[in-house]
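S.K.: What follows is a predicted protein model with its sequence.
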Amino acid sequence: MKLFDLLIPGEINPDLILSGDVEPQFGQVEKLVDSAVLTVGSSSVITACGAARLGLKVAFIGVCGDDVFGRFMLDEMHKRGIHTGAVIVDPNQSTGLTVILSKGNDRAMLTFPGAMAALCVEDITDDLLAQARHLHVASYFLQDALRPGLPCLFERARSLGLTISLDTNWDPSGQWQGVLELLPLIHIFLPNAAEACALTGEEDVETAAAQLSARVETLVIKLGARGALGVRGGQRVRAPSIPVQVADTTGAGDSFNAGFIYGYLNDWPLERALRFANICGALSATGYGGTAAQPTLEQALALMTEAAV
(Lines give C-alpha, C1' and ligand atoms only; values in the text may rest on other atoms or scores of the structure.)
Protein backbone atom coordinates (compact mmCIF):
# COMPACT_ATOMS: atom_id res chain seq x y z
CA MET A 1 0.00 0.00 0.00
CA LYS A 2 1.26 3.45 -0.93
CA LEU A 3 0.75 6.51 1.26
CA PHE A 4 -0.37 8.62 -1.72
CA ASP A 5 -2.36 7.86 -4.84
CA LEU A 6 -0.91 10.83 -6.67
CA LEU A 7 2.28 12.91 -6.50
CA ILE A 8 2.42 16.19 -8.41
CA PRO A 9 5.63 18.20 -8.78
CA GLY A 10 4.62 21.58 -10.06
CA GLU A 11 4.28 25.31 -10.06
CA ILE A 12 2.56 27.17 -7.23
CA ASN A 13 0.75 30.40 -8.02
CA PRO A 14 -2.66 31.95 -7.44
CA ASP A 15 -4.93 33.31 -10.15
CA LEU A 16 -6.41 36.80 -10.06
CA ILE A 17 -9.51 36.50 -12.22
CA LEU A 18 -11.05 39.67 -13.65
CA SER A 19 -14.36 39.23 -15.45
CA GLY A 20 -16.66 41.48 -17.49
CA ASP A 21 -15.36 44.04 -19.98
CA VAL A 22 -11.74 43.04 -19.46
CA GLU A 23 -10.04 44.23 -22.64
CA PRO A 24 -7.61 46.91 -21.45
CA GLN A 25 -7.33 50.26 -23.18
CA PHE A 26 -4.00 52.02 -22.99
CA GLY A 27 -3.56 55.77 -22.81
CA GLN A 28 -4.20 55.76 -19.04
CA VAL A 29 -7.85 54.83 -19.55
CA GLU A 30 -9.47 53.30 -16.45
CA LYS A 31 -12.19 50.69 -17.01
CA LEU A 32 -14.43 48.98 -14.49
CA VAL A 33 -14.83 45.20 -14.43
CA ASP A 34 -17.64 43.11 -12.98
CA SER A 35 -15.63 41.07 -10.48
CA ALA A 36 -12.15 40.32 -9.17
CA VAL A 37 -11.40 37.01 -7.47
CA LEU A 38 -8.13 35.74 -6.01
CA THR A 39 -8.25 31.97 -6.23
CA VAL A 40 -6.11 28.84 -6.44
CA GLY A 41 -4.12 28.84 -9.66
CA SER A 42 -1.52 26.85 -11.58
CA SER A 43 -2.38 23.83 -13.65
CA SER A 44 -0.55 21.53 -11.25
CA VAL A 45 -2.30 22.71 -8.08
CA ILE A 46 -5.74 22.82 -9.71
CA THR A 47 -5.28 19.20 -10.80
CA ALA A 48 -4.17 18.31 -7.27
CA CYS A 49 -7.27 19.98 -5.80
CA GLY A 50 -9.56 18.22 -8.26
CA ALA A 51 -8.05 14.84 -7.47
CA ALA A 52 -8.30 15.43 -3.71
CA ARG A 53 -11.93 16.49 -4.13
CA LEU A 54 -12.60 13.13 -5.79
CA GLY A 55 -11.09 11.35 -2.81
CA LEU A 56 -7.56 10.58 -4.01
CA LYS A 57 -4.70 10.97 -1.55
CA VAL A 58 -2.50 13.67 -3.07
CA ALA A 59 1.02 14.93 -2.29
CA PHE A 60 2.50 18.06 -3.84
CA ILE A 61 6.04 19.34 -4.20
CA GLY A 62 6.99 22.73 -5.58
CA VAL A 63 8.68 26.02 -4.69
CA CYS A 64 7.00 29.20 -3.50
CA GLY A 65 8.08 32.39 -1.78
CA ASP A 66 7.57 33.26 1.86
CA ASP A 67 4.97 35.84 0.89
CA VAL A 68 1.23 36.53 0.78
CA PHE A 69 0.62 34.59 -2.44
CA GLY A 70 2.68 31.60 -1.29
CA ARG A 71 0.93 31.40 2.08
CA PHE A 72 -2.45 31.72 0.36
CA MET A 73 -1.69 28.75 -1.88
CA LEU A 74 -0.35 26.54 0.91
CA ASP A 75 -3.38 27.34 3.09
CA GLU A 76 -5.77 26.46 0.26
CA MET A 77 -4.01 23.16 -0.44
CA HIS A 78 -4.01 22.31 3.27
CA LYS A 79 -7.78 22.98 3.45
CA ARG A 80 -8.29 20.41 0.70
CA GLY A 81 -6.24 17.71 2.41
CA ILE A 82 -3.27 17.89 0.04
CA HIS A 83 0.04 16.90 1.64
CA THR A 84 2.43 19.87 1.32
CA GLY A 85 5.24 18.68 3.58
CA ALA A 86 7.63 18.48 0.62
CA VAL A 87 6.93 22.03 -0.62
CA ILE A 88 10.01 24.26 -0.50
CA VAL A 89 9.35 27.76 0.89
CA ASP A 90 12.23 29.95 -0.29
CA PRO A 91 12.40 33.48 1.18
CA ASN A 92 14.61 34.52 -1.74
CA GLN A 93 11.87 33.70 -4.26
CA SER A 94 8.63 35.49 -5.13
CA THR A 95 5.52 33.38 -5.66
CA GLY A 96 4.21 33.69 -9.21
CA LEU A 97 0.84 35.13 -10.21
CA THR A 98 -1.46 34.77 -13.21
CA VAL A 99 -3.94 37.53 -14.05
CA ILE A 100 -6.83 36.06 -16.03
CA LEU A 101 -9.04 38.29 -18.15
CA SER A 102 -12.19 36.20 -18.38
CA LYS A 103 -14.97 36.60 -20.95
CA GLY A 104 -17.10 33.53 -20.24
CA ASN A 105 -16.09 30.99 -22.87
CA ASP A 106 -12.74 32.63 -23.56
CA ARG A 107 -9.92 34.14 -21.57
CA ALA A 108 -6.51 35.80 -21.82
CA MET A 109 -3.74 35.25 -19.29
CA LEU A 110 -0.83 37.37 -18.07
CA THR A 111 1.65 35.43 -15.95
CA PHE A 112 4.49 36.53 -13.69
CA PRO A 113 6.53 33.30 -13.36
CA GLY A 114 8.19 34.03 -10.02
CA ALA A 115 9.21 30.74 -8.41
CA MET A 116 7.34 28.59 -10.95
CA ALA A 117 10.57 27.57 -12.65
CA ALA A 118 12.61 26.89 -9.49
CA LEU A 119 11.76 23.23 -8.78
CA CYS A 120 14.54 20.79 -9.80
CA VAL A 121 14.42 17.04 -10.34
CA GLU A 122 16.98 16.71 -7.54
CA ASP A 123 14.34 18.07 -5.12
CA ILE A 124 12.18 15.01 -5.81
CA THR A 125 13.70 12.15 -3.87
CA ASP A 126 13.23 8.45 -4.50
CA ASP A 127 11.76 8.22 -0.99
CA LEU A 128 9.01 10.66 -1.96
CA LEU A 129 8.39 8.94 -5.29
CA ALA A 130 8.16 5.53 -3.64
CA GLN A 131 5.26 6.73 -1.50
CA ALA A 132 3.00 7.34 -4.53
CA ARG A 133 1.16 5.23 -7.11
CA HIS A 134 1.08 7.82 -9.89
CA LEU A 135 3.14 10.85 -10.96
CA HIS A 136 1.51 13.73 -12.83
CA VAL A 137 3.45 16.59 -14.44
CA ALA A 138 1.84 19.72 -15.91
CA SER A 139 2.99 23.13 -17.14
CA TYR A 140 5.96 21.52 -18.86
CA PHE A 141 7.05 24.73 -20.60
CA LEU A 142 6.89 26.88 -17.46
CA GLN A 143 9.03 24.60 -15.27
CA ASP A 144 12.45 25.53 -16.64
CA ALA A 145 14.59 23.86 -13.97
CA LEU A 146 12.49 20.68 -13.86
CA ARG A 147 12.14 20.18 -17.61
CA PRO A 148 15.70 19.02 -18.52
CA GLY A 149 15.65 16.33 -15.84
CA LEU A 150 12.22 14.85 -16.66
CA PRO A 151 13.57 11.87 -18.64
CA CYS A 152 15.60 10.84 -15.59
CA LEU A 153 12.68 11.52 -13.24
CA PHE A 154 10.33 9.42 -15.36
CA GLU A 155 12.80 6.55 -15.51
CA ARG A 156 13.20 6.68 -11.73
CA ALA A 157 9.44 6.76 -11.24
CA ARG A 158 8.88 3.80 -13.54
CA SER A 159 11.57 1.78 -11.75
CA LEU A 160 9.68 2.40 -8.49
CA GLY A 161 6.42 1.20 -10.01
CA LEU A 162 4.66 4.52 -10.61
CA THR A 163 2.50 5.24 -13.61
CA ILE A 164 2.98 8.68 -15.19
CA SER A 165 0.84 11.32 -16.90
CA LEU A 166 1.82 14.55 -18.64
CA ASP A 167 -0.11 17.66 -19.61
CA THR A 168 2.26 20.12 -21.25
CA ASN A 169 -0.15 23.07 -21.35
CA TRP A 170 0.63 25.83 -23.86
CA ASP A 171 4.17 26.75 -24.88
CA PRO A 172 4.56 30.55 -24.64
CA SER A 173 7.71 30.35 -26.79
CA GLY A 174 5.92 28.55 -29.62
CA GLN A 175 8.81 26.09 -29.99
CA TRP A 176 7.16 22.92 -28.60
CA GLN A 177 10.47 21.14 -28.11
CA GLY A 178 11.27 18.05 -26.06
CA VAL A 179 7.76 16.64 -25.63
CA LEU A 180 7.67 13.95 -28.31
CA GLU A 181 10.80 12.33 -26.89
CA LEU A 182 9.12 11.99 -23.48
CA LEU A 183 5.99 10.23 -24.70
CA PRO A 184 7.42 6.67 -24.72
CA LEU A 185 8.36 7.15 -21.05
CA ILE A 186 4.86 7.99 -19.83
CA HIS A 187 1.51 6.21 -19.63
CA ILE A 188 -0.99 9.02 -20.28
CA PHE A 189 -0.63 12.15 -22.44
CA LEU A 190 -3.32 14.80 -21.90
CA PRO A 191 -3.08 17.70 -24.40
CA ASN A 192 -6.00 19.76 -25.64
CA ALA A 193 -6.76 19.98 -29.35
CA ALA A 194 -4.74 23.15 -29.95
CA GLU A 195 -1.72 21.73 -28.12
CA ALA A 196 -1.90 18.42 -29.98
CA CYS A 197 -1.94 20.23 -33.32
CA ALA A 198 0.87 22.58 -32.32
CA LEU A 199 3.05 19.68 -31.18
CA THR A 200 2.64 17.80 -34.45
CA GLY A 201 2.42 20.72 -36.85
CA GLU A 202 -0.95 19.42 -38.05
CA GLU A 203 -4.14 21.42 -38.53
CA ASP A 204 -6.49 18.48 -38.06
CA VAL A 205 -6.86 16.97 -34.59
CA GLU A 206 -7.50 13.48 -35.99
CA THR A 207 -4.21 13.52 -37.89
CA ALA A 208 -2.44 14.88 -34.80
CA ALA A 209 -3.99 12.08 -32.72
CA ALA A 210 -2.71 9.44 -35.12
CA GLN A 211 0.84 10.74 -34.77
CA LEU A 212 0.81 11.15 -31.00
CA SER A 213 -0.95 7.87 -30.19
CA ALA A 214 1.83 5.95 -31.94
CA ARG A 215 4.25 7.21 -29.27
CA VAL A 216 2.32 6.81 -26.00
CA GLU A 217 0.33 4.11 -24.21
CA THR A 218 -2.79 6.23 -23.70
CA LEU A 219 -3.55 9.47 -25.54
CA VAL A 220 -6.37 11.72 -24.36
CA ILE A 221 -7.14 14.90 -26.32
CA LYS A 222 -9.47 17.41 -24.66
CA LEU A 223 -11.94 18.92 -27.11
CA GLY A 224 -13.73 21.40 -24.84
CA ALA A 225 -17.49 21.46 -25.33
CA ARG A 226 -17.11 18.64 -27.88
CA GLY A 227 -15.88 16.25 -25.19
CA ALA A 228 -12.69 14.22 -25.56
CA LEU A 229 -10.90 11.75 -27.80
CA GLY A 230 -9.05 8.79 -26.31
CA VAL A 231 -6.72 6.34 -28.04
CA ARG A 232 -5.25 3.26 -26.37
CA GLY A 233 -3.75 0.45 -28.41
CA GLY A 234 -6.26 -0.31 -31.16
CA GLN A 235 -9.11 1.36 -29.28
CA ARG A 236 -10.28 4.81 -30.34
CA VAL A 237 -13.08 6.41 -28.31
CA ARG A 238 -14.91 9.74 -28.48
CA ALA A 239 -16.92 10.74 -25.42
CA PRO A 240 -19.29 13.74 -25.38
CA SER A 241 -19.29 16.44 -22.74
CA ILE A 242 -22.41 17.51 -20.85
CA PRO A 243 -24.19 20.87 -21.32
CA VAL A 244 -23.54 23.34 -18.50
CA GLN A 245 -23.94 27.05 -17.88
CA VAL A 246 -20.34 28.24 -18.26
CA ALA A 247 -19.14 30.88 -15.83
CA ASP A 248 -15.37 30.57 -16.34
CA THR A 249 -13.29 27.96 -18.17
CA THR A 250 -10.19 28.51 -16.03
CA GLY A 251 -8.81 25.15 -14.95
CA ALA A 252 -11.46 23.06 -16.70
CA GLY A 253 -8.77 21.01 -18.44
CA ASP A 254 -6.98 20.45 -15.13
CA SER A 255 -10.18 19.20 -13.50
CA PHE A 256 -10.62 16.93 -16.53
CA ASN A 257 -7.11 15.58 -15.88
CA ALA A 258 -8.00 14.82 -12.26
CA GLY A 259 -11.10 12.93 -13.37
CA PHE A 260 -9.26 10.88 -15.96
CA ILE A 261 -6.44 10.02 -13.55
CA TYR A 262 -9.07 8.87 -11.04
CA GLY A 263 -10.57 6.53 -13.61
CA TYR A 264 -7.16 5.29 -14.72
CA LEU A 265 -6.07 4.47 -11.18
CA ASN A 266 -9.29 2.55 -10.66
CA ASP A 267 -8.78 0.51 -13.87
CA TRP A 268 -11.87 1.88 -15.58
CA PRO A 269 -12.41 1.24 -19.30
CA LEU A 270 -11.26 4.09 -21.52
CA GLU A 271 -14.76 5.26 -22.43
CA ARG A 272 -15.93 5.39 -18.80
CA ALA A 273 -12.82 7.32 -17.72
CA LEU A 274 -13.33 9.81 -20.57
CA ARG A 275 -16.99 10.40 -19.72
CA PHE A 276 -16.14 10.88 -16.05
CA ALA A 277 -13.31 13.31 -16.92
CA ASN A 278 -15.63 15.28 -19.21
CA ILE A 279 -18.09 15.71 -16.35
CA CYS A 280 -15.35 16.86 -13.96
CA GLY A 281 -14.12 19.42 -16.48
CA ALA A 282 -17.59 20.67 -17.38
CA LEU A 283 -18.71 21.11 -13.78
CA SER A 284 -15.57 23.04 -12.89
CA ALA A 285 -16.48 25.60 -15.57
CA THR A 286 -19.74 26.45 -13.78
CA GLY A 287 -17.89 28.46 -11.10
CA TYR A 288 -15.26 31.18 -11.14
CA GLY A 289 -11.68 29.97 -10.80
CA GLY A 290 -10.33 26.49 -11.26
CA THR A 291 -11.43 24.92 -7.96
CA ALA A 292 -14.67 26.50 -6.72
CA ALA A 293 -16.97 24.13 -8.64
CA GLN A 294 -14.84 20.98 -8.79
CA PRO A 295 -17.16 18.03 -8.09
CA THR A 296 -17.03 15.41 -5.40
CA LEU A 297 -16.91 11.78 -6.50
CA GLU A 298 -20.59 11.37 -5.63
CA GLN A 299 -21.63 14.43 -7.68
CA ALA A 300 -19.66 13.36 -10.74
CA LEU A 301 -20.87 9.76 -10.60
CA ALA A 302 -24.49 10.87 -10.20
CA LEU A 303 -24.25 13.03 -13.32
CA MET A 304 -22.54 10.26 -15.25
CA THR A 305 -25.37 7.90 -14.37
CA GLU A 306 -27.95 10.52 -15.30
CA ALA A 307 -26.25 11.25 -18.64
CA ALA A 308 -26.26 7.54 -19.51
CA VAL A 309 -30.04 7.21 -19.07
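M.R.: Arrived safely.

S.K.: Would you map the strands across the stretch 201-309 of the chain?
M.R.: Applying DSSP state E, counting those that start in this stretch to the stretch 201-309 of the chain gives strands spanning 218-222, 228-232, 235-239.

S.K.: Output the contacting helices and strands for the first one.
M.R.: Looking back up the chat, that one is strand 218-222. strand 188-189, helix 193-200, helix 205-213, strand 228-232, helix 252-265, helix 270-284 (3 or more C-beta pairs under 8 Å, 6 or more residues apart in numbering; DSSP states H and E). In short, each C-beta sits where N, CA and C put it, glycine included.

S.K.: Let me know the angle separating that strand from helix 193-200.
M.R.: Following axes from the mean of the first three to the mean of the last three C-alpha atoms, to 10 degrees, one obtains 130 degrees for the angle between strand 218-222 and helix 193-200.

S.K.: before we move on, the earlier item: out of the strands of the stretch 201-309 of the chain, which gets nearest to Glu122?
M.R.: Among the strands of the stretch 201-309 of the chain, the nearest to Glu122 by C-beta to C-beta is strand 218-222 (28.8 Å).

S.K.: Give me the residues contacting the closest one.
M.R.: Contact with strand 218-222 is made by 187-193, 196, 205, 208-209, 212-213, 228-232, 253, 256, 260, 264, 270, 274, 277, 281, as judged by C-beta atoms under 8 Å, 6 or more residues apart in numbering.

S.K.: which intervals of the protein have sub-threshold pLDDT?
M.R.: Within the chain, the stretches with pLDDT under 70 are 104-105, 309.

S.K.: how about the helices in the protein?
M.R.: 43-53, 68-79, 126-129, 150-159, 179-182, 193-200, 205-213, 252-265, 270-284, 297-308 (DSSP state H).

S.K.: any chance of those in a markdown table, plus mean neighbour count and distance to Leu135?
M.R.: A markdown table is the format used below for those (neighbours: other C-beta atoms under 10 Å; distance: least, C-beta to C-beta, whole Å):
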| stretch | mean neighbour count | distance to Leu135 |
| --- | --- | --- |
| helix 43-53 | 28 | 12 |
| helix 68-79 | 17 | 18 |
| helix 126-129 | 14 | 7 |
| helix 150-159 | 17 | 5 |
| helix 179-182 | 17 | 12 |
| helix 193-200 | 20 | 20 |
| helix 205-213 | 18 | 20 |
| helix 252-265 | 26 | 10 |
| helix 270-284 | 25 | 18 |
| helix 297-308 | 14 | 22 |
